[in-house]
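>>> I would like to see how this sequence folds:
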Amino acid sequence: MKLWDRGCNIVSVCNLCEQNFETSDHLFFWCPFAVKIWNWLQHLLNKSFDCSSIQGILSSAVLGWSPQMKDTVLAAVIFSVWMIWHCRNRKRFHSRAIKYQSAIALIVAKDKVTGNMTSAYMNNSISEFSISRALGVVGYLKAVHIIQVNWFPPLYGWVKCNSDGSAKGSPRVAGCCGIFTNHRGDFLGGFSQNLGIQISFYAELMGVILANEK
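As a prediction, this is how the structure comes out:
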């Protein structure tokens, strides 16, 4: 490139597309082979990002993920750049072309190792689960605070009713329900009631009232 900038004519054709003069920008961002690699990554991440520079790719592709997914996506970007360079060298020095599908498979295989080696955690989201599954990465979820809830049956000869009520908003469509059990925990019966447009407190209260009426 320095010789070209000084006015020296150098014949250097891109080995991947064999159509354009090979520059760093063309090889890694504008070559049809590279464009297919970046389009695959955008489709995988369900994101659109600036593929005209590494900074443009990293500024949008890596942001917004959990720590584990961020490591995985960063590795995918790095391996994509490496794969483009590797395919170029194989074609130039060994006259062997690597097909697009094989290149993607190699990127996924290398990214799988990186994603599974990290000690970071992943968000509990469908999007990250889908991406990690496509890459063969096992997601590590951050442990949530677990609260133990115990249920005890009533005394002999008694019947217990557990009721609940909720509204899908405040106010929105609401309902309540309840179940009756004996001292052995056997199910004796239950009820449910559509309460129309109400608030949560009303739904909870109506659950108790209907339980007493039963």
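
>>> list the buried ones in stretch 46-63?
Going by neighbour count (16 or more other CB atoms under 10 Å), the buried part of stretch 46-63 is 49, 51, 57-58, 60-62. All C-beta atoms are positioned from the backbone trio N, CA, C, and that covers glycine.

>>> one more: stretch 147-167?
Using 16+ other CB under 10 Å as the test for burial, stretch 147-167 gives 160-161, 163, 165-167.

>>> could you do stretch 207-214 as well?
Buried, per 16+ other CB under 10 Å, within stretch 207-214: 207, 210-211.

>>> residue closest to the middle of this protein?
For the chain, the residue nearest the mean C-alpha position is residue 128 (1.1 Å; CA atoms, centre = their mean).

>>> pLDDT value on that one, please?
pLDDT recorded at residue 128 is 89.

>>> that one is in contact with residue 120, isn't it?
No. Contact criterion CB atoms under 8 Å: residue 128 and residue 120 do not qualify, at 11.9 Å.

>>> so for these two, which residues contact both of them?
The contact sets of residue 128 and residue 120 overlap at residue 66 (CB atoms under 8 Å, 6 or more residues apart in numbering).

>>> can I assume residue 190 sits in a helix?
No. Assigned with DSSP: H, G, I helix; E, B strand; the rest coil, residue 190 falls outside any helix and is strand.

>>> any idea how far it is from residue 129?
Separation of residue 190 from residue 129 (CB to CB, to the nearest Å): 35 Å.

>>> can you tell me the helix or strand for the residue located most distally from the centre of the chain?
Distance from the centre of the chain peaks at residue 157, with 52.4 Å (CA atoms, centre = their mean). Applying DSSP states H and E as the criterion places residue 157 outside every helix and strand.

>>> model confidence score at it, please.
For residue 157, the predicted pLDDT is 90.

>>> isn't it right up against residue 184?
No. With contact defined as CB under 8 Å, residue 157 does not reach residue 184; the gap is 11.4 Å.

>>> hey, C-alpha coordinates of stretch 31-47 in PDB?
Taking C-alpha atoms only, stretch 31-47 is exported to PDB below (Å, rounded to 0.1, in the frame of the first residue of the first chain):
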ATOM      1  CA  CYS A  31     -15.200  -8.400  -0.800                       C
ATOM      2  CA  PRO A  32     -18.300 -10.500  -1.600                       C
ATOM      3  CA  PHE A  33     -16.800 -13.300   0.500                       C
ATOM      4  CA  ALA A  34     -16.400 -11.000   3.500                       C
ATOM      5  CA  VAL A  35     -19.800  -9.500   3.000                       C
ATOM      6  CA  LYS A  36     -21.400 -13.000   3.300                       C
ATOM      7  CA  ILE A  37     -19.500 -13.600   6.500                       C
ATOM      8  CA  TRP A  38     -20.700 -10.400   8.100                       C
ATOM      9  CA  ASN A  39     -24.300 -10.900   6.800                       C
ATOM     10  CA  TRP A  40     -24.200 -14.300   8.500                       C
ATOM     11  CA  LEU A  41     -23.100 -12.800  11.800                       C
ATOM     12  CA  GLN A  42     -25.800 -10.000  11.600                       C
ATOM     13  CA  HIS A  43     -28.500 -12.600  10.900                       C
ATOM     14  CA  LEU A  44     -27.200 -14.800  13.800                       C
ATOM     15  CA  LEU A  45     -27.300 -11.800  16.200                       C
ATOM     16  CA  ASN A  46     -30.400 -10.300  14.800                       C
ATOM     17  CA  LYS A  47     -28.600  -7.000  14.600                       C
END
